[in-house]
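> Next comes the sequence, and after it the predicted model I'd like to discuss.
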Amino acid sequence: MWGEAHEVAHAVAQANFRLPKPSLETHEYIAYVVQLATLPVALRQQLLVLFGNPAFQNEREINRIFLQLDPEVFTVKAYRHFIAHPDSQAFFQRLLNSRFSSPRY
């Protein structure tokens with residue numbers, strides 16, 4: 001069920017991107033944030049305790065290498081980054097309209 005939220009988030013994001021080729025890390029950031037946000041609160045809290053990693057501190061940390069090396073930690077860091085963002089709605093809009101400032105590998 002919650003994996004479905006991840007896939008639906010990919011589809012919705014794809015329909016709303018204003019970039020010719022959005023990056024993998026942008027797609028996954030959005031999909032993982034939605035996936036965690038739609039979990040039951042108790043389960044989400046368990047996962048956040050289990051993976052105690054802090055939020056991304058800088059957008060340059062949100063990159064393909066990190067995603068591919070440890071997708072679970074990427075997920076938690078992305079979720080924490082998103083909920084801590086002062087204007088998370090504007091941040092999602094920016095993701096749909098421009099690239100992360102992370103380096104291209």
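Noted; the coordinates are in hand. Only a predicted model underlies this, so the values are computations on that prediction, with no experimental measurement involved.
> okay, CA-based contacts and neighbour counts for the rest of this
Noted.
> Relative to the centre of the protein, find the outermost residue for me.
Of all residues in the chain, Ala42 has its C-alpha farthest from the mean position, at 20.1 Å, by C-alpha atoms, centre = their mean.
> For that residue, which residues are in contact?
For Ala42, the contact set (C-alpha atoms under 8 Å, 6 or more residues apart in numbering) is empty.
> Now do it, the pLDDT please.
Here, the pLDDT recorded for Ala42 equals 97.
> Next: Arg104.
pLDDT, Arg104: 46.
> so how far is Ile65 from the spatially most central residue of the chain?
What sits nearest the mean C-alpha location of the chain, by C-alpha atoms, centre = their mean, is Tyr29, with 1.9 Å. Per C-alpha to C-alpha, to the nearest Å, Tyr29 is found 13 Å from Ile65.
> Any stretches of the chain with poor pLDDT?
Counting by pLDDT under 70, the ranges of the chain that qualify are 1-2, 100-105.
> mind listing the helices in it by residue range?
Along the chain, the segments classed as helices by DSSP state H run 2-16, 24-37, 41-50, 64-69, 71-84, 88-97.
> For Gln57, which of those helices is the nearest?
Of all the helices of the chain, helix 71-84 sits nearest to Gln57, with 7.4 Å by C-alpha to C-alpha.
> which helices and strands does that closest one pack with?
Judged by 3 or more C-alpha pairs under 8 Å, 6 or more residues apart in numbering; DSSP states H and E, helix 71-84 is in contact with helix 24-37.
> can you list contacts of the helix it packs on?
Helix 24-37 is touched from outside by 2-3, 5-10, 13, 44, 62-64, 67, 75, 78-79, 82, 92, 95, 99-100, with contacts defined as C-alpha under 8 Å, 6+ apart.
> Just the buried residues out of those, in PyMOL syntax.
The PyMOL selection below is limited to those of the contacts of helix 24-37 classed as buried (16 or more other C-alpha atoms under 10 Å):
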select buried, resi 5+6+7+9+10+13+44+62+63+64+67+75+78+79+82+95+100
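> Phi first, then psi, for Asn58.
For Asn58, the backbone dihedrals (degrees, to the nearest 10) come out as phi -150, psi 140.
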